[in-house]
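Chemist: whatever this is, show me its structure:
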Amino acid sequence: MPPLLEVARSTQPPVSSGTAVVVGAARIALFVVDGTVLAVEDACACCSGPIARGAVSDRKVTCPRCGWRYDLVTGAADQIAEIRLHTFRTRTEQARILIEWTGGTE
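Modeler: So this is what the prediction gives:
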């Protein structure tokens with residue numbers, strides 16, 4: 001199991017949008033959906049737009065620049081299912097949001 005890394009404190013990101021955090025050179029978008037923290041890379045595969053600023057609906061986030069939609073659980077793009085954002089497993093312990101850190105988004 002990859003090491004757990006604290007990326008935020010649980011001041012709970014809003015459900016309608018996310019919170020961006022930086023870990024090393026990686027930008028990660030955190031979302032709370034149905035009480036669960038979900039984490040994906042914070043760069044749209046189409047236009048590199050900030051995914052954390054996208055609107056969330058039905059466990060999917062819409063890129064605010066180009067409109068591509070991504071499943072927050074699998075990272076799959078609605079437009080082309082083979083294209084995926086990197087996802088991170090998360091855990092919340094007390095007030096800490098942790099991700100399984102593999103060292104990047106590649």
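
Chemist: contact partners for the residue nearest to residue 60 when sequence neighbours are not counted?
Modeler: In space, and not counting its chain neighbours, residue 60 is closest to residue 69: 4.9 Å by C-beta to C-beta, 6 or more residues apart in numbering. For glycine as for every other residue, the C-beta is placed from the backbone atoms N, C-alpha and C. Applying C-beta atoms under 8 Å, 6 or more residues apart in numbering to residue 69 gives the contacts 60, 61, 62, 63, 77, 78, 79.

Chemist: so the second one belongs to a helix, correct?
Modeler: It stands for residue 61. No: per DSSP: H, G, I helix; E, B strand; the rest coil, residue 61 lies outside any helix segment and is strand.

Chemist: quick one: average confidence on the lengthiest strand in the chain?
Modeler: When the chain is parsed with DSSP state E, its longest strand is strand 26-33. Per-residue pLDDT over strand 26-33 has a mean of 92.

Chemist: then stretch 58-74?
Modeler: Mean pLDDT, computed over stretch 58-74, is 96.

Chemist: in that stretch, what's buried?
Modeler: 60, 61, 62, 63, 64, 68, 69, 70, 71, 72 (16 or more other C-beta atoms under 10 Å).

Chemist: and which of these is nearest residue 95?
Modeler: Among these, residue 72 lies closest to residue 95 (C-beta to C-beta), at 21.8 Å.
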